[in-house]
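# Build me a model:
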Amino acid sequence: MGLSIVLIAAIAILLSLFESIVSRKEVDLYYQNTSCKPYIVLEFDDGYLETYTKAYPILKKYGFKAIVMLPIGFIGIDEKHRKYFYDLDLRNGTSTSFFPTLSINEVRKLVEEGWDIQCHSYSHSHLPAFNLSNAIEKRNFLHEILTCKVVLKEWFNIEAIAFTPPYLSWTEEQLNILKQHYKFIVAHANFTVNILSSVSFTYTLSAIPLSHDNFNETLEKVIKLLNDASKECLKSVVVLLMHRVDEDPRAWDITPSELETLCKTLVDAGYKENIVTYLQLL
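This is a model prediction of the structure:
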């Protein structure tokens, strides 16, 4: 019992000395250190034209770079010959609509500005629909997941290291094939931090979707998640997944003002230097 009292007294003295040397402010600054904070990936899926016309100017204002996960078959040859993504709409009783996508020149401009372009299949097909036991369907599946690598290298000199399956849907067999060709596979929609253990690993990442229907609530949770993860001081990444940015959003899109709020909130919370691309995670 006496020994316990002595130990407690000694610990109290040491804590007092520590507090006199290291202030609470200094401890807080330690946890705010960039090396302790999670990396943040801003991912825009599907290659909508608004990624260039609406999202890019806002991110440029804050000095942020993002990633476009592009279905490579939707790149238009120029601005006069657009390609269109026939996608779910659900606004005003409309089930589907045509949405214009990026041109080669617009993709090239984003690349020149430091954005990263990575793979989101060829035609945005639902990958589980491909039966890999059938030779023709397996060939079509490989075309969906590998053509992007060839095009990005030949057209933009980009090494494709990341793949987001359309609809975040896949089979275990397909995921195993994807892991043979990509370093990062964004395969889940979960509210979590992804721990990066080693550069030699292949990572199956979870993304946090940001959408108009619950934007403020999600953003508040994201900041709390980032702050909590910073205290762990582990190498990690949080993927924020977005789609179309427009003043007339679908439920899973966001508005330009919401994107502006996201950028300002990340800056105010001290995460500006932690915004990275997938290539920068290597």
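# what residues does the longest helix anywhere in the chain touch?
Using DSSP state H, we find that the single longest helix of the chain is helix 135-156. With C-beta atoms under 8 Å, 6 or more residues apart in numbering as the test, helix 135-156 has contacts from 70-73, 75, 104, 107-108, 111, 117-123, 125, 127, 130-132, 158-160, 163, 174, 177-178, 181. (C-beta placed from N, C-alpha, C; glycine too.)
# I'd say Ala162 and Ile67 touch.
Yes: using C-beta atoms under 8 Å, Ala162 is in contact with Ile67, at 7.3 Å.
# how far away is Pro100 from Tyr48?
7 Å (C-beta to C-beta, to the nearest Å).
# Which residue of those two possesses the greater neighbour count?
Tyr48 (25 against 17; other C-beta atoms under 10 Å).
# what's around the nearest residue to the more buried one once chain neighbours are set aside, how many residues?
The shortest distance from Tyr48 to any non-neighbouring residue, by C-beta to C-beta, 6 or more residues apart in numbering, is to Arg244 (4.5 Å). Residue crowding around Arg244 was assessed by other C-beta under 10 Å; the count is 24.
# Distance check, Arg244 against Trp252.
For Arg244, the distance to Trp252 - C-beta to C-beta - is 8 Å.
# Leu241 belongs to a strand?
Yes: assigned with DSSP: H, G, I helix; E, B strand; the rest coil, Leu241 falls within a strand.
# Verify the contact between it and Glu43 for me.
Yes: here Leu241 reaches Glu43: they are 4.9 Å apart, a contact under C-beta under 8 Å.
# okay, and the common contacts of these two?
Contacts common to Leu241 and Glu43, judged by C-beta under 8 Å, 6+ apart, are 164, 186, 207.
# Out of those residues, flag the one nearest to Asn214.
For the shared contacts of Leu241 and Glu43, the residue nearest Asn214 by C-beta to C-beta is Ala207; the value is 15.2 Å.
# Could you tell me which residues make contact with Leu175?
185, 187, 204.
# go again using 7 Å as the cut-off
Residues near Leu175 by C-beta atoms under 7 Å, 6 or more residues apart in numbering: 185, 187.
# Shouldn't it be within a helix?
Yes: assessed with three-state DSSP, Leu175 lies in a helix.
# how near is it to Tyr182?
For Leu175, the distance to Tyr182 - C-beta to C-beta - is 10 Å.
# and the next element down the chain from the helix or strand of the chain with the lowest mean pLDDT?
The weakest-scoring helix or strand in the chain, judged by mean pLDDT, DSSP states H and E, is helix 24-31 (a mean of 43). Downstream of helix 24-31, the first helix or strand assigned by DSSP states H and E is strand 39-45.
# helices or strands up against that next one?
strand 67-70, strand 236-242, strand 275-276 (3 or more C-beta pairs under 7 Å, 6 or more residues apart in numbering; DSSP states H and E).
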